[in-house]
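[1] just need the structure, nothing else, for what follows:
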Amino acid sequence: MSEMIDRVDYQDGELDEVVAARGAHLERLDKNRWFLLLYHADGTETPIWFSSRNLKKGHSFSVRRPPIDAALASPSPIEPQKES
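    All right, here's what the predicted structure looks like:
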């Protein structure tokens, strides 16, 4: 995979998938409310507000993965980093 294709896809009028090649910003607004901002290559942004009680340290949500090119070159995954 040489380049991610930026897109915002809807299915049956509901958000289905967002791919943003320039990065993202996730911020906790209060106990269970979150804001996610996705940055696209053309300079546009996709903001998403959502609720979740499961975005806590140690949950599978926070696994750090290797870059796509590295993952294709090496089958061994990168171990999650531990905070000191």
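[2] now do the buried residues in stretch 38-57.
    38-40, 46 (16 or more other Cβ atoms under 10 Å). (C-beta placed from N, C-alpha, C; glycine too.)
[3] from the residues you listed, which two are the most distant?
    Pairwise distances across those (Cβ to Cβ) peak at 8.4 Å, for the pair Tyr39 and Thr46.
[4] identify the contacts common to those two.
    Taking Cβ atoms under 8 Å, 6 or more residues apart in numbering as the contact rule, Tyr39 and Thr46 both touch Ala20.
[5] give me the pLDDT for the residue nearest to Asp42 when sequence neighbours are not counted.
    Leaving aside its sequence neighbours, Asp42 sits nearest to Asp6 (Cβ to Cβ, 6 or more residues apart in numbering; 6.8 Å). pLDDT for Asp6: 89.
[6] I figured Asp6 hits Tyr39, correct?
    No. Counting by Cβ atoms under 8 Å, Asp6 stays clear of Tyr39, with 9.2 Å between them.
[7] what touches both of the two?
    Residues touching both Asp6 and Tyr39 by Cβ under 8 Å, 6+ apart: Ala20.
[8] pull up the pairing partners for the host helix or strand of His25, direction included.
    Using DSSP states H and E, the element containing His25 is strand 23-28. With DSSP bridges as the test, strand 23-28 is paired with strand 33-39 (antiparallel).
[9] go through the strand it pairs with and flag the buried ones.
    For strand 33-39, burial by neighbour count (16+ other Cβ under 10 Å) applies to 38-39.
[10] need the residues that contact that strand.
    Contacting residues not belonging to strand 33-39 are listed as 18, 20, 22-29, 45-52, 55 [Cβ under 8 Å, 6+ apart].
[11] could you check the angle the helix or strand following it makes with strand 23-28?
    Once the chain leaves strand 33-39, the next helix or strand it forms, by DSSP H and E, is strand 45-51. Between the axes of strand 45-51 and strand 23-28, defined by axes from the mean of the first three to the mean of the last three Cα atoms, to 10 degrees, the angle is 30 degrees.
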